[in-house]
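>>> pasting the structure only:
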């Protein structure tokens with residue numbers, strides 16, 4: 001069999017076809033498909049030498065680097081499940097995920113391990129820490145064993161556990177509308193089918209060079225690896241500080257495909273592009289929110305021969321729609337049609353299909369539908385539901401139900417079958433390409449013990465998507481220093497989650513009929529008297545500074 005059905009087989013088959021082709025570039029380092037496959041085989045043996053069992057979770061808390069890729073694909077080749085952690089997450093957030101999905105092994109660095117030291121004792125299932133960089137091993141007591149990456153890869157070779165394509169491959173954590181992040185469970189089939197589908201409409205080939213600018217903890221970020229490996233292309237790993245770094249990498253590495261989120265494209269559109277980029281950049285793709293029309297126009301002016309792909313997706317089903325480049329001029333506001341091997345429905349609340357241009361819920365069915373939320377029956381039941389019996393493609397004679405993803409997003413479909421995004425049904429905020437839960441922000445604010453009551457919500461922002469605003473009341477002492485509160489937020493939160501503005505008012509905050517703080521009413525009051533949006537340059541500088 002030459003067609004991959006398991007995630008790590010994407011690399012294995014590419015290595016068999018052309019072992020000398022470059023798979024990854026990172027700074028001045030490059031690794032061929034043959035060498036990458038050898039590293040994965042060694043990583044598999046190392047994990048098994050630690051006694052890891054089929055389905056156990058391996059978390060990866062690193063920036064984008066070669067070891068991050070080897071650990072991700074190697075964990076699945078061993079029969080385990082990889083859990084990529086956004087490198088911007090703080091210690092408490094990392095510890096929550098490690099506990100939530102019972103992580104057994106953690107791949108990280110010396111520097112990041114020192115940040116996690118105060119919280120690791122609460123991660124009762126964690127047994128092994130693998131350090132990806134050289135240096136002395138920290139002195140640790142208790143049940144937690146620490147070893148170097150190079151030492152792990154010296155274990156005697158042994159095959160991984162038996163795995164089939166419906167087994168778990170990954171758990172990707174994404175913020176929910178309330179509470180802590182949810183772990184979206186994806187199978188090998190989900191991820192491989194997604195790679196094949198996206199690579200087909202992006203027309204990827206072995207001659208492509210893709211830039212991995214998005215975090216690998218994002219489904220769209222990790223997709224740069226899977227789509228490239230499916231066709232034997234090269235991926236350039238980039239950890240950028242400023243948007244100009246992206247342009248520099250595009251030019252130096254002769255990148256042919258770029259996928260990014262609207263806030264980054266907005267910043268890139270304001271810069272001068274080296275003319276050489278347009279000579280080799282075959283396409284640029286947008287995900288994670290709607291691309292502003294003026295930004296799209298500016299990019300197309302700078303890149304007249306590059307094809308624009310406008311896409312919509314959600315982690316629970318990877319990718320749902322794309323707009324073909326030849327339709328962009330006619331329908332720049334559309335999110336397109338279903339990607340290959342997926343079907344997108346627009347349904348009313350009773351499960352019947354909406355008429356043309358009638359608003360309804362976007363529902364995704366097919367091979368990319370994930371396996372639910374890790375250990376969360378209630379949230380899984382809200383999002384993953386059986387399709388109604390009369391759904392197209394569901395003959396009445398089929399007895400077993402088919403589970404689809406009910407996105408919670410309101411869309412409409414026109415007479416020609418093109419979809420248009422209308423809005424989100426929940427209160428999620430989308431800022432700098434990240435989905436952020438207002439409740440998660442509020443929990444951190446309460447944890448500072450500087451506020452009495454608080455509420456968080458998103459306000460439309462021209463470059464960020466949403467700017468996070470909070471309304472707070474002073475704590476028991478009656479005084480509140482907003483500068484001190486924001487400093488605590490920067491210490492406790494990833495940069496993208498830090499509020500753009502703080503409004504202080506006397507309490508108590510208004511309640512809705514259920515007795516909860518009325519976020520909707522407070523957000524409405526704020527918008528009614530809203531001042532201009534925060535300056536994007538100042539806000540971005542603040543966020544970059546708080547992420548270092």
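Sure, I can see it. On a predicted model such as this, the values are computed, not experimentally measured, just so you know.
>>> How many neighbouring residues does the residue nearest to residue 302 when sequence neighbours are not counted have?
Closest residue to residue 302 in three dimensions, ignoring its sequence neighbours and counting by Cβ to Cβ, 6 or more residues apart in numbering: residue 273, at 4.7 Å. C-beta: built from backbone N, CA, C; applies to glycine. Residue crowding around residue 273 was assessed by other Cβ atoms under 10 Å; the count is 18.
>>> Please tell me how far residue 273 sits from residue 224.
From residue 273 across to residue 224, the span is 20 Å (Cβ to Cβ, to the nearest Å).
>>> Pull out the buried residues from stretch 287-297.
287, 288, 289, 290, 291, 292, 295, 296 (16 or more other Cβ atoms under 10 Å).
>>> Let me see the mean pLDDT of it.
Here stretch 287-297 scores 83 as its mean pLDDT.
>>> where does the stretch 401-548 of the chain dip in pLDDT?
Under the criterion of pLDDT under 70, the regions of the stretch 401-548 of the chain flagged as low confidence span 512-516, 531-548.
>>> Strands along that one, start to end?
Using DSSP state E, counting those that start in this stretch, the strands of the stretch 401-548 of the chain run over residues 403-413, 419-424, 429-431, 434-436, 451-461, 465-474, 501-504.
>>> Packing partners of the first one?
Contact analysis of strand 403-413 by 3 or more Cβ pairs under 8 Å, 6 or more residues apart in numbering; DSSP states H and E lists strand 342-347, strand 360-366, helix 377-383, strand 384-386, strand 419-424 as its packing neighbours.
>>> what does the last one give?
Strand 501-504 is packed against strand 465-474, helix 482-492, with contacts defined by 3+ Cβ pairs under 8 Å, 6+ apart.
>>> again with the second one
Counting by 3+ Cβ pairs under 8 Å, 6+ apart, the packing neighbours recorded for strand 419-424 are strand 403-413.
>>> Wait, residue 213 touches residue 241, no?
No - with contact defined as Cβ atoms under 8 Å, residue 213 and residue 241 do not form a contacting pair (11.8 Å).
>>> Residue 371 and residue 185 touch, don't they?
Yes - assessed by Cβ under 8 Å, residue 371 is found in contact with residue 185 at 4.0 Å.
>>> overlap in contacts of the two?
Between them, residue 371 and residue 185 share these contacting residues under Cβ atoms under 8 Å, 6 or more residues apart in numbering: residue 168.
>>> Format the buried residues of stretch 287-297 as a markdown table; extra columns: secondary structure and distance to residue 245.
Converted to a markdown table, the buried residues of stretch 287-297 look like this (DSSP: H, G, I helix; E, B strand; the rest coil; distance: Cβ to Cβ, whole Å):
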| residue | secondary structure | distance to residue 245 |
| --- | --- | --- |
| 287 | coil | 20 |
| 288 | coil | 19 |
| 289 | coil | 22 |
| 290 | coil | 25 |
| 291 | coil | 21 |
| 292 | coil | 22 |
| 295 | helix | 19 |
| 296 | helix | 22 |
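>>> Nearest to residue 108 among those?
residue 288 (25.9 Å; Cβ to Cβ).
>>> Need the nearest residue in space to the closest one, chain neighbours excluded.
Distances taken as Cβ to Cβ, 6+ apart put residue 261 closest to residue 288, at 3.7 Å, once the chain neighbours are dropped.
>>> Residue 267 belongs to a helix?
Yes - the assignment for residue 267 is a helix, going by DSSP: H, G, I helix; E, B strand; the rest coil.
>>> tell me, how many neighbours does it end up with?
The number of residues near residue 267, taken as other Cβ under 10 Å, comes to 19.
>>> What segments of the stretch 151-300 of the chain are helices?
Shown for the stretch 151-300 of the chain, the helices assigned by DSSP state H, counting those that start in this stretch span residues 188-201, 219-231, 243-252, 262-269, 277-280, 293-302.
>>> Out of the ones you listed, which is closest to residue 117?
For the helices of the stretch 151-300 of the chain, proximity to residue 117 was assessed by Cβ to Cβ; helix 219-231 is nearest, at 27.5 Å.
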